[in-house]
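Colleague: The following comprises the amino acid sequence and a computationally predicted model.
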Amino acid sequence: MLAAIQSGAIGGGVDLVAACDMRYATEDAFLTIFETNIALTADVGTFPRLCKLLPEGIVRELAYTGCRISAREVFERGLVNRLLSDHASMLAGVLEVAAEIASKAPPPASDKSWHGKEAQARSAEPGRSAAFSFPTSPSTSDFSPQFWR
């Protein structure tokens, strides 16, 4: 999953960004765990995910203070893959990466390490989109165009 961040990723937006595979941001973007500022606790996996992506001390500072961290800083720390100047260039860049990914064959179904923990949930309903889930069996029928609907 690709995240395109413009302006603020606040509270639940940080959760979403942390759960993505790759992150791209405009230079004016920032992240903040805002729940701290309103006496709440971020509780949907924010801290464990962020601690795998940023140094623990930085995550603690964000969690304890509710302060903003700039896109430049999270780019320098490796959370953001690419920093782009504005909204249009960011969308163009993210769509370019998505097209490049889409042009490749999906990873082998037997390679569980590639799937990541987030990709475990696959739609049980026929006809629902499974664009970011991969089949659990190597059957070629799983890779038919209708699978990717």
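Modeller: Great, that's in hand. As the structure is a computational prediction, the values presented were derived from the model and not from experiment.
Colleague: got the residue ranges for the helices in this structure?
Modeller: Using DSSP state H, the helices found in the chain span residues 12-19, 46-53, 56-65, 71-76, 87-102, 112-115.
Colleague: can you tell me which of those helices the model trusts least?
Modeller: Sorting these by mean pLDDT places helix 112-115 lowest, at a mean of 56.
Colleague: give me phi/psi at the residue nearest in space to the middle of the chain?
Modeller: By Cα atoms, centre = their mean, the mean C-alpha position of the chain lies nearest to C20, the distance being 1.4 Å. Main-chain torsions, C20, degrees, to the nearest 10: phi -80, psi 160.
Colleague: Now do it, the pLDDT please.
Modeller: Confidence score, pLDDT, at C20: 92.
Colleague: can you check S103 too?
Modeller: The model's pLDDT for S103 equals 92.
Colleague: With R23 instead?
Modeller: Looking at R23, the pLDDT reads 96.
Colleague: what about S89, distance to V97?
Modeller: 13 Å (Cβ to Cβ, to the nearest Å). Just so you know, the C-beta spots here come from the backbone N, C-alpha and C atoms, and that holds for glycine as well.
Colleague: who's in contact with the closest residue to D86 other than its chain neighbours?
Modeller: Closest residue to D86 apart from its sequence neighbours, by Cβ to Cβ, 6 or more residues apart in numbering: T26 at 5.9 Å. Each residue near T26 by Cβ atoms under 8 Å, 6 or more residues apart in numbering is listed here: I5, Q6, S7, A71, L83, L84, S85, D86, H87, M90.
Colleague: could you dump those residues to CSV with distance to G13?
Modeller: Putting the contacts of T26 into CSV (distance: Cβ to Cβ, whole Å) gives the following:
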residue, distance to G13
I5, 8
Q6, 11
S7, 10
A71, 13
L83, 17
L84, 18
S85, 21
D86, 19
H87, 16
M90, 15
